[in-house]
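# let me see the structure of the following:
(2 chains)
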Amino acid sequence: MTNEELLALTGAKVVDARGTACPGPLLEAKKAIGTINTGDIMEVMSADEGTKRDIPKWAEKKGHEYLGTVEESGFFRIYLKKG
Amino acid sequence: MTKMVIGLSSCSIDKLTGVGVMLSGAAADDMDVEVFVLVNAARAFLKNNPAEEFMSDTCLTVAEFKSACEKVSTPSWLQFFEMTKEMTNIKINICSLAGKLAGGEKKEDFIDLVDDFCGIGEYLDSAKEADIHISV
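Here you go, the predicted structure:
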């Protein structure tokens, strides 16, 4: 998906984990995905470089779809679809 | 389900925090985890622990390490343990020798996070069966 398509998505859940370092964003994502339905979109905001790699890999292992990452100034948005 | 076993032999806060980070990864992956608390590490799990906190790595003081953790909103090692235990199946066993060395002979001498006492045979059997075995 392009950045424009990702930014146009409406997340059923938006997790703002910009204040925490690894493994905080991953744990926040893990908690939050349990609160949404299969097929719903979740957006995770993080400023932690390790998270940018961890969350897509975690999503794949757990059966969720990684849709893409959008780089913003000082942080990034990671988009997932719950599987 | 993936099983991880950790042999924890240190009560230094930097190593305990490292184990807390590993537990977080395990919790995210829904792993089954057993932590075997060996030798000095049991001191950290004592109720009303009177021991002074220290670092195993002297590049930072305890205060500097805590300050660095606070700056990036990293929980304390104890918060990591508590949080991850709520998220996945984590069992914390105190080696009976370690318990005695720390001055704790009963489960009640230790904080509520502790599940049970164990012998070295149980640790080795668990390590043999585990998918991941880490010694700290």
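
# got the residues of chain B near chain A?
Counting by C-beta under 8 Å from any C-beta of the partner chain, the residues of chain B close to chain A are B:21, B:24-25, B:27-30, B:72-75, B:83-84, B:87. Quick note: C-beta positions are derived from backbone N, CA and C, even for glycine.

# if you set the cut-off to 10 Å instead, what comes out?
B:2, B:20-30, B:69, B:71-75, B:80, B:83-84, B:86-88 (C-beta under 10 Å from any C-beta of the partner chain).

# so how do I select the buried members of the residues you listed in PyMOL?
Per 16 or more other C-beta atoms under 10 Å in any protein chain shown, the buried members of the residues of chain B next to chain A correspond to this PyMOL selection:
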select buried, chain B and resi 20+21+22+23+24+25+26+27+28+29+69+74+75+80+83+84+87+88
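
# so which of the residues of chain B next to chain A are in helices?
Under the assignment DSSP state H, those contribute B:20-28, B:69, B:71, B:80, B:83-84, B:86-87 to helices.

# wait, which of the residues you listed is closest to chain A?
Relative to chain A, the closest of these is B:Ser24; by C-beta to the nearest C-beta it sits at 3.7 Å.

# could you list the low-pLDDT ranges of chain B?
Along chain B, segments meeting pLDDT under 70 span B:50.

# and the helices in it?
B:13-28, B:62-71, B:77-87, B:96-102, B:120-129.

# tell me which of those helices sits most buried.
helix B:13-28 (a mean of 21; mean count of other C-beta atoms under 10 Å in any protein chain shown).

# got the CA positions of that helix in PDB?
Taking C-alpha atoms only, helix B:13-28 is exported to PDB below (Å, rounded to 0.1, in the frame of the first residue of the first chain):
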ATOM      1  CA  ILE B  13      19.100  -4.500  38.400                       C
ATOM      2  CA  ASP B  14      20.600  -4.300  35.000                       C
ATOM      3  CA  LYS B  15      20.400  -8.100  34.500                       C
ATOM      4  CA  LEU B  16      16.900  -8.300  36.000                       C
ATOM      5  CA  THR B  17      15.800  -5.500  33.700                       C
ATOM      6  CA  GLY B  18      17.300  -7.500  30.700                       C
ATOM      7  CA  VAL B  19      15.300 -10.500  31.800                       C
ATOM      8  CA  GLY B  20      12.200  -8.300  32.000                       C
ATOM      9  CA  VAL B  21      12.700  -7.200  28.400                       C
ATOM     10  CA  MET B  22      13.000 -10.900  27.400                       C
ATOM     11  CA  LEU B  23       9.800 -11.700  29.200                       C
ATOM     12  CA  SER B  24       8.100  -8.900  27.300                       C
ATOM     13  CA  GLY B  25       9.100 -10.500  24.000                       C
ATOM     14  CA  ALA B  26       7.900 -13.900  25.300                       C
ATOM     15  CA  ALA B  27       4.600 -12.300  26.400                       C
ATOM     16  CA  ALA B  28       4.000 -10.700  23.000                       C
END
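
# now do that helix and helix B:77-87, the angle between them.
20 degrees (axes from the mean of the first three to the mean of the last three C-alpha atoms, to 10 degrees).
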